[in-house]
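Engineer: need a 3D model of the following:
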Amino acid sequence: MNYKDFMARPGRDCAIIAHRGIWRDAPENSLQAIEAAIAGGYDVVEIDVRRSADGALFLCHDDSLERMTGHDAAVEELAASELAALHLRNRDGGAGNALTDQKLARLSDVFDLTRDRIFIHLDVKDRLLIPEVIAAAQAAGVDQQVDFWSALRDGDDFAWINSNIMAHGVPFIAKTRLNVPGAELQTELVFRLKPLICEIYFDSIEQLAAHRDRFAAAGISLWVNTLDDVSCAGLTDSAALEDPDAVWGRLLDAGVSAIQTDEAAALKAYLATRR
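Structural biologist: Residues are numbered from 1 along each chain as shown. Now for the predicted structure:
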């Protein structure tokens, strides 16, 4: 499996990215949620990566472990042995969800689970850890089955990404905004860097569609989030469940070919109707 070849494949369906795994019946960022994404036939699973006090890599989104484990501490404050013993609350955590038999996942175990089965979108919470995570992916033999992600806002970002990510030949996603001061610079930096994918933010679908042909000509896939908490122009998962043509359909027509969602099954069903 090769992430770059998959994204570049002519005529492929829009890639479905399962946000923190399929967490409706499993703890987010757990091995169980990732296995459910594989079983569902989705293309990519998004996970969040942090580093323990003694240098091990674990999956956790928040600054604190409280929501998902009930433990009031940060991943970065605890040793790997302490983190590996923590049980995860079900679904998206919080006091209303019971603890499960799933434990905080090590990134090495995720690589073993996903190898040649699904691609991984790695949201490394501290950008300075990305070179370490690249080394871990290379050691596991999965460096062409994962992507690395970072904001591309200015020349300093460009230089850091070029030296610390692009130089390793791994798939890269540039986070770029069309709806901020300096948007023109961000866009030009994307075309100079030529990442595999551009995660793009915008204020209107017309603003996005205006860039469609240029990105297509450069071979850069467009990625959009329809997560209710991270979306653009009101194009959310909740709205898509009510009217998928008005959300996912408009994004596809505007040139988007990768969507991160909490409603992976609904998006997959919708894509089947578009074929």
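Engineer: host element of A18?
Structural biologist: strand 15-19 (DSSP states H and E).
Engineer: in the helix or strand L241 falls within, what counts as buried?
Structural biologist: Per DSSP H and E: L241 is located in helix 237-242. For helix 237-242, a neighbour-count test (16 or more other C-beta atoms under 10 Å) marks D237, A239, A240 as buried. Where you see a C-beta, it was placed from the backbone N, CA and C, and this is true even at glycine.
Engineer: and what of stretch 216-227?
Structural biologist: Buried, per 16+ other C-beta under 10 Å, within stretch 216-227: I220, S221, L222, W223, V224, N225, T226, L227.
Engineer: among these, which are located in strands?
Structural biologist: S221, L222, W223, V224, N225 (DSSP state E).
Engineer: helix or strand next in line after the biggest strand by length in the chain, which one?
Structural biologist: In the chain, with assignment by DSSP E, the single longest strand is strand 44-51. As assigned by DSSP H and E, the chain's next helix or strand after strand 44-51 is strand 57-59.
Engineer: contacts for the next helix or strand after that following strand next, please.
Structural biologist: Where DSSP H and E defines the elements, the next helix or strand beyond strand 57-59 is helix 66-69. Helix 66-69 is contacted from outside by 27-29, 60-62, 72, 86-89, 92-94, 99, 104, using C-beta atoms under 8 Å, 6 or more residues apart in numbering.
Engineer: tell me the one of the residues you listed nearest I200?
Structural biologist: The closest of those to I200 turns out to be H61 (C-beta to C-beta; 21.9 Å).
Engineer: the closest one reaches N29, doesn't it?
Structural biologist: Yes: between H61 and N29 a contact is recorded at 6.3 Å, counting by C-beta atoms under 8 Å.
Engineer: before we move on, the earlier item: which of the ones in strands among the buried residues of stretch 216-227 sits closest to V190?
Structural biologist: L222 (10.5 Å).
Engineer: ok, the residue lying closest to the closest one once chain neighbours are set aside - contacts?
Structural biologist: With C-beta to C-beta, 6 or more residues apart in numbering as the criterion, L222 has its nearest non-adjacent residue at 4.8 Å, and that residue is V256. Each residue near V256 by C-beta under 8 Å, 6+ apart is listed here: C14, L208, L222, W223, V224.
Engineer: lowest pLDDT pick from these?
Structural biologist: When the contacts of V256 are compared by pLDDT, L208 scores lowest at 94.
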